[in-house]
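*Asks:* quick one, what's the 3D model for this:
(2 chains)
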There are 2 protein chains.
Amino acid sequence: MTPPRPEQTTLPTPAVAPAAAPESPVGARSVGLIGAGQLARMMIGPAIELDLTTPVLATDPAESAAAVAAEVRIGRHDDEQAVSALAAEVDVITFDHEHVPAWILEDIERAGIAAVRPGPAALVHAQDKLVMRERLTALGHPCPRWWRIGSVTDLEDALTESGGRIVIKTPRGGYDAHGVRIIERAEQAQDWLAEHGELLAEELVPFTRELSAQVARRPGGEAVAYPVVQSVQKDGVCYEVVAPAPGLDAEGQQQIQALALAIAEDLGVTGMLAVELFETAGGEVLVNELAMRPHNTGHWSMDGAVTGQFEQHLRAVADLPLGATTALASVSVMVNLLGGTAEDLAPGTHAALAADPELKIHLYGKSVRPGRKIGHVTLVGADADALLERAHRAELLIIDGPAPVAAAPVADAPVTDAPVAATITAAETSGETR
Amino acid sequence: MTPPRPEQTTLPTPAVAPAAAPESPVGARSVGLIGAGQLARMMIGPAIELDLTTPVLATDPAESAAAVAAEVRIGRHDDEQAVSALAAEVDVITFDHEHVPAWILEDIERAGIAAVRPGPAALVHAQDKLVMRERLTALGHPCPRWWRIGSVTDLEDALTESGGRIVIKTPRGGYDAHGVRIIERAEQAQDWLAEHGELLAEELVPFTRELSAQVARRPGGEAVAYPVVQSVQKDGVCYEVVAPAPGLDAEGQQQIQALALAIAEDLGVTGMLAVELFETAGGEVLVNELAMRPHNTGHWSMDGAVTGQFEQHLRAVADLPLGATTALASVSVMVNLLGGTAEDLAPGTHAALAADPELKIHLYGKSVRPGRKIGHVTLVGADADALLERAHRAELLIIDGPAPVAAAPVADAPVTDAPVAATITAAETSGETR
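*Replies:* Model prediction:
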């Protein structure tokens, strides 16, 4: 038998809200970082200043972010147990990369273990290029012409319709130049078709340059846009950025910012969103890729904007009010450090800092492999070309090392054929000479 | 019997240097931080970007820097074993504060365990105010009139000579307002005299404002100067800074920078040096205090200069080339967050970020006690007064919390005396109503 509800029926319904004031809004206090690459690493400094706790899920304690984080958990981003365990420690989880399976994130959201930002329903558009193309097209956002490829016949049709050459992309798992191929015959994509089942085909856009638009969006919808930048790729990897994009007028800036803000809103993104774009000769822009995290094309903002993208991403996913995206100088440039001939970056770093006191160097603490992203440099000023020249000079010093310092010739010294190496060897093997 | 040195005597002495090129210069790769307060904490972000390893010696794992550092060793700064053990792990040690006993540092230097920067011979001038006054006076640098106090007679003489009031300082262990007292009678300092044996007495300088000059110096002598700033104290604690100091012309800036650079050179400082100064009505400056580390009056540079003081200190002590001290805006301001009525800073932080998107907040992760330094805010722009007003508005929001959000009155609601609290209680105790 249900006991009677004591007295309640005798009390009138209150006509006003309870007298206690509602609580002031508070953002998240802890943000778990899934993945421990350089993007997670560069969130750690800003997190310290905002007093946000940011434990990192790393597959290896030597990874870029794991080496510098106060709290590291070892586990894979595609291991539900590992991801859920980190989520259980924090208010929010966010990502170093897009490769966490959606079902893991959906389970975490459903169970209320932590907020997932960006959420899986948004993130899928950065994870699956076919989903992205389909959604952006349905929303009316400008895309290159594209085809869903499920068979060799589809490939042949796309090749015919596009004039004999197409770009083929694996829907998932690609990054930088990985998962992208230009083909002229269907059989050049058959291996990927067999492996992935479906592929994305796109027309080769005759673009004049690449642009990137970055915005940040909070869960409630507050959003801000950064200046649109120009980016240059090298072998499919972001290499050089100028902010703002040279020659793009205020109207062009605003239109592209509005496009990126609309995409963030339409897809329900939380955190940073990068919209990589092709600009055509006619001044049209087409969406190339989406990334829902801090992005290489936004690294300039660490030193060139009031609020750097790593701080902004943390503020957005922690549901803290967003920061100003204003640039601190009329031009900022960023040049990536891609692994070169120097295995030890210290001599080149020293030389680059000596050569340019205004240079900002950001090293990722990663072992050097040719072409691997191991850091970046930035400069702010007024003249993009001059800044780029200085940045590239620094880049070469760091990645290839400074030229060996030539021994100063001694003008009056007598020429000698003395076996110098033998002398040294003899001295080194003789304990008495020390 | 000593074996003959094989062949060596038959080889001529080489007249030129060995053919191998000398090694390129490389800075330190690891810098041990002794002490784990907010100054050590704020070095961690820049250290990550420069890929410097910075283990921290903390007395407690909850200390400001210890809570965010990747590597923490627990031990006291005055425990030789603890300091030496950290030194053995790194290339260089540096400091969060001045209180490491000189003999410990001398032993570490002598044994070659690690470089000590600043070295004990320089650091003593920031540790012992009598040593500082004696040396600066000998070097001819401008100081207030001062007296070495070893007895009550000395106190009485100083009082007589100074017109009846003097500032008394303990030579060691003071910071902020601690260890400073204004006295009018000798007995007001007798307790300290008994405790410390010797005291420093100084005239009360009739200063119009306080200035601070910061420079950084590398071991080889390379040095750079920051813009001279104006600082305002509150109960002896740095509270507000404007950079550059308003109304100080280029010549005044240069003269004071030259003074600070000369002191750094004369004392052999490595790392950051802050020279706190009194400016008198006549435009004269007198040295008040020295600090050989990043300093509260330099926090503006984190957001307002090309090279922030924490990065600069690391570069100087790691013997890396120094960075540009150029300001990023015409004016920067900094306001300290001193513990107020809010125990939880999160609601006020949220409100302050919402009110001012350009605000930069730096929290130290310390528990709140009234007057305790728990963070600071900065702003950059063009108008010092307007920036200060915004910074103080943010300060009050953060330290005292936002005003409670008033419940919106419902215009047409009938007035009722209903016991609202009772209603809520009844609802809460009734499982059926959920």
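*Asks:* pLDDT weak spots in the stretch 201-350 of chain A?
*Replies:* Scanning the stretch 201-350 of chain A for pLDDT under 70 picks out no residues.
*Asks:* ranges for the helices of it?
*Replies:* Using DSSP state H, counting those that start in this stretch, the helices of the stretch 201-350 of chain A run over A:250-267, A:301-304, A:309-317, A:346-355.
*Asks:* measure how far the shortest one is from the centre of its chain, please.
*Replies:* When you say that, I think you mean helix A:301-304. In terms of C-alpha atoms, centre = their mean, to the nearest Å, the centre of helix A:301-304 is set 14 Å apart from its chain centre.
*Asks:* which residues touch that helix?
*Replies:* A:42, A:214, A:226, A:243, A:307-310, A:312, A:325, A:327-329, A:332, A:360, A:362, A:378, A:380 (C-beta atoms under 8 Å, 6 or more residues apart in numbering or on different chains). Using the backbone N, CA and C atoms, a C-beta is placed for each residue, glycine as well.
*Asks:* distance check, the closest residue to residue A:189 other than its chain neighbours against chain B.
*Replies:* Spatially, and ignoring its direct neighbours in sequence, residue A:189 is nearest to residue A:168 (4.6 Å; C-beta to C-beta, 6 or more residues apart in numbering or on different chains). Look at residue A:168 and chain B: by C-beta to the nearest C-beta, to the nearest Å, they are 38 Å apart.
*Asks:* which pLDDT value goes with residue A:168?
*Replies:* Residue A:168 carries a pLDDT value of 96.
*Asks:* count of residues packed around it?
*Replies:* Other residues near residue A:168 come to 22 when the count uses other C-beta atoms under 10 Å in any protein chain shown.
*Asks:* strand partners (parallel or antiparallel) of the host helix or strand of it?
*Replies:* Per DSSP states H and E, residue A:168 falls inside strand A:166-169. Under the criterion DSSP bridges, strand A:166-169 sits next to strand A:180-183 (antiparallel), strand A:199-203 (antiparallel) in its sheet.
*Asks:* could I get those strands as JSON lines with mean neighbour count and distance to residue A:129?
*Replies:* Output for those, formatted as JSON lines (neighbours: other C-beta atoms under 10 Å in any protein chain shown; distance: least, C-beta to C-beta, whole Å):
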{"stretch": "strand A:180-183", "mean neighbour count": "15", "distance to residue A:129": "10"}
{"stretch": "strand A:199-203", "mean neighbour count": "23", "distance to residue A:129": "5"}
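*Asks:* show me the one of those that comes nearest residue A:209.
*Replies:* Closest approach to residue A:209 among these is made by strand A:199-203 (17.4 Å; C-beta to C-beta).
*Asks:* contact partners of that closest one?
*Replies:* Residues outside strand A:199-203 that contact it (C-beta under 8 Å, 6+ apart) are A:129-130, A:133, A:144-149, A:154-155, A:158, A:162, A:166-171, A:189, A:192-193.
*Asks:* run the chain-centre distance for the strand holding residue A:168.
*Replies:* That offset, for strand A:166-169, works out to 23 Å (C-alpha atoms, centre = their mean).
*Asks:* can you list contacts of that strand?
*Replies:* For strand A:166-169, the surrounding residues in contact (C-beta under 8 Å, 6+ apart) are A:129, A:147, A:149, A:155, A:158-159, A:179-183, A:188-189, A:192, A:199-204.
*Asks:* distance from the chain centre to stretch A:120-130, please.
*Replies:* Centroid displacement of stretch A:120-130 relative to its chain, using C-alpha atoms, centre = their mean, is 15 Å.
*Asks:* so where's the stretch 51-200 of chain A uncertain?
*Replies:* Counting by pLDDT under 70, the stretch 51-200 of chain A has low-confidence residues at A:176.
*Asks:* what parts of it come near chain B?
*Replies:* Counting by C-beta under 8 Å from any C-beta of the partner chain, the residues of the stretch 51-200 of chain A lying close to chain B are A:51, A:67-70.
*Asks:* out of those, who's nearest chain B?
*Replies:* residue A:51 (3.8 Å; C-beta to the nearest C-beta).
*Asks:* so what's the residue in the stretch 1-150 of chain A positioned nearest to chain B up against?
*Replies:* In the stretch 1-150 of chain A, the residue that lies nearest chain B is residue A:45 (2.9 Å; C-beta to the nearest C-beta). Contacts for residue A:45 (C-beta under 8 Å, 6+ apart) come out as A:310, B:44-46, B:48-49.
*Asks:* just checking, which of the contacts of helix A:301-304 belong to strands?
*Replies:* Per DSSP state E, strands hold the following members of these: A:214, A:243, A:332, A:360, A:362, A:378, A:380.
*Asks:* contacts with chain B among these, please.
*Replies:* Okay, of the ones in strands among the contacts of helix A:301-304 touching chain B (C-beta under 8 Å from any C-beta), that's A:360, A:362, A:380.
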